[in-house]
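Peer 1: heads up, no residue letters with this:
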């Protein structure tokens, strides 16, 4: 079992940057593929980015490509999301999630979720 805790959210102006972190408990973090999702008020949860268990492969949604980068440090049991050139439409609660096997953009395939961290981008 994996417990996930996100941090690093906050209020930032458009064009600014934030780095989200997701700290995982347990000794098996390196065996899980990880994903970042977000949910804005009144909208469905949306896939943002994912990374393989080793960190060697990443995948992100078109709307954040070139701006957001997922990475991980398995020695520290931590997942990251570097967010640059933030836009007001990036405003949402951001969640990290873990799954066995390969990474996926489908939220229902993830077994473990954090509580979320709020990101607000002002125009």
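Peer 2: Nice, I can see it. Everything numeric in this text was worked out from a predicted model, so none of it was measured.
Peer 1: isn't residue 116 right up against residue 45?
Peer 2: No - contact between residue 116 and residue 45 fails when scored by Cβ atoms under 8 Å: they sit 10.0 Å apart. For the C-beta atoms, the positions are set from N, CA and C on the backbone; glycine is no exception.
Peer 1: name the residues contacting each of those two.
Peer 2: Residues touching both residue 116 and residue 45 by Cβ atoms under 8 Å, 6 or more residues apart in numbering: 39, 95.
Peer 1: so how far is stretch 112-123 off the chain centroid?
Peer 2: 9 Å (Cα atoms, centre = their mean, to the nearest Å).
Peer 1: can you map out the strands along the chain?
Peer 2: Under the criterion DSSP state E, strands of the chain are mapped to 4-7, 10-13, 18-24, 32-39, 46-51, 58-60, 68-73, 78-83, 92-100, 112-113, 117-122.
Peer 1: neighbouring strands - and their directions - for the longest one?
Peer 2: Right, strand 92-100. If you go by DSSP bridges, strand 92-100 pairs up with strand 32-39 (antiparallel), strand 112-113 (antiparallel), strand 117-122 (antiparallel).
Peer 1: now do the contacts for the residue nearest to the spatial centre of the chain.
Peer 2: By Cα atoms, centre = their mean, the chain has its centre lying nearest to residue 36, at 2.6 Å. By Cβ under 8 Å, 6+ apart, the residues touching residue 36 are 20, 22, 47-50, 68, 70, 79, 81, 94-97.
Peer 1: between the residues you listed, which sits nearest residue 41?
Peer 2: The nearest member of those to residue 41, counting by Cβ to Cβ, is residue 94 at 13.5 Å.
Peer 1: how about the nearest residue to that closest one, chain neighbours excluded?
Peer 2: residue 38 (4.8 Å; Cβ to Cβ, 6 or more residues apart in numbering).
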